[in-house]
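Undergrad: Just the structure for this:
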Amino acid sequence: MEYNGTDKRYNQFSQHLKNKFGAKVYKITIDAGFSCPNRDGTISNCGCIFCDDGGSFSQAHSNRLSVEEQVAVGAETLAKRFKAQKFMSYFQAFSNTYKPVDELEKIYTASLNHPDIVGISIGTRPDCVDDDKLKLISGFVPDYYTWVEYGLQSVHDKTLKKINRGHDYKCFLNAYEKTKEYGINTCLHVILNLFENYDEMMETAQTIAKLEPEGVKIHMLCALEGTKVADMYNRGELEFMSEDEYVKTVCDFLEYLPPKTTIHRLAGNGLRTELVAPRWIGKKLDCLNKIDREFLRRDTSQGSRFNK
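TA: Sure thing, here's the model as predicted:
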């Protein structure tokens, strides 16, 4: 089965964007100074156990720059490096709906002022959206490719409690359904190896599949300096998957997802000095190539086990 005219066995988001806009589209990661109710004391002061002070692998430009300046710098950098022509503004770190609506409107609008911006993607928590915020975001839909990304991580409440997520699956489901009512594309983030066995991870895949989201982003649990996961790893309280185990689990996970769901990420973006373990996460292309080879070996693809 072909996806988007490539030899990939899964529906790659980057190729989806290229087909939609006629050119490769690059995300410009923006830091607008958001916080999180799970870190500022509203729910907890601790945050999720995997999250570091920067918001877990955020690659935003300095928040000392205005939103417009971050977009301009990002576009210029990407244009020079990749000859990029089209971009999406991407609010990644922490909870990017965790401000009053009038402030959000100014921030989001500022990110869309650049002439080559074609879309916007907003990462947040399901307990940080309401009708007013979703109505605001839905107002961008006619003119921009508009996404909300929810950090679901797992459908199992026991897991969400263990990672100190601060909300349950029902909270996510309510936010997801409301987001769909406003006609906004959704991307769901999942973390594998969250103290769950294989069957539990596949239950998350099958539950997500029934929701038929427009996008899914899969992460491997990792330990960053200064996080509780790193503390647990250093005390010998957890083990990480090997790369081969992760590759096989990802392929199984993708086989359950609808073929039309776009896959936004399957591997990390490179080694950071804060990364404690597993070290193989720093080799993104190696991991992606192994996923491609595993699908070829199986002669399966995303959606092979999908039952609507």
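Undergrad: make it CA atoms for all contacts and neighbour counts henceforth
TA: OK.
Undergrad: Show me where the stretch 151-300 of the chain dips below the pLDDT cut-off.
TA: 269-272 (pLDDT under 70).
Undergrad: all helices for it, in order.
TA: Along the stretch 151-300 of the chain, the stretches classed as helices by DSSP state H, counting those that start in this stretch are 157-162, 169-181, 198-211, 228-234, 243-256, 284-298.
Undergrad: any idea how far the last one is from the chain center?
TA: Just to be clear, that refers to helix 284-298. Offset of helix 284-298 from its chain centre (Cα atoms, centre = their mean, to the nearest Å): 20 Å.
Undergrad: So which residues of the chain form strands?
TA: Assigned by DSSP state E, the chain shows strands spanning 25-30, 86-91, 117-124, 145-153, 185-192, 215-220, 223-224, 262-265, 275-277.
Undergrad: Let's have the ones you listed in a markdown table, adding mean neighbour count and distance to Ala209.
TA: Below are the strands of the chain laid out as a markdown table (neighbours: other Cα atoms under 10 Å; distance: least, Cα to Cα, whole Å):
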| stretch | mean neighbour count | distance to Ala209 |
| --- | --- | --- |
| strand 25-30 | 24 | 26 |
| strand 86-91 | 25 | 25 |
| strand 117-124 | 22 | 20 |
| strand 145-153 | 23 | 13 |
| strand 185-192 | 21 | 11 |
| strand 215-220 | 21 | 10 |
| strand 223-224 | 25 | 28 |
| strand 262-265 | 21 | 12 |
| strand 275-277 | 18 | 30 |
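Undergrad: would CSV of those strands with distance to Ser242 be doable?
TA: Formatted as CSV, the strands of the chain follow (distance: least, Cα to Cα, whole Å):
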stretch, distance to Ser242
strand 25-30, 29
strand 86-91, 30
strand 117-124, 28
strand 145-153, 20
strand 185-192, 12
strand 215-220, 10
strand 223-224, 14
strand 262-265, 18
strand 275-277, 11
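Undergrad: Gly41: which of the ones you listed is closest?
TA: Comparison of those against Gly41 by Cα to Cα identifies strand 117-124 as nearest, at 17.1 Å.
Undergrad: Direction included, what does that closest one pair against?
TA: strand 86-91 (parallel), strand 145-153 (parallel) (DSSP bridges).
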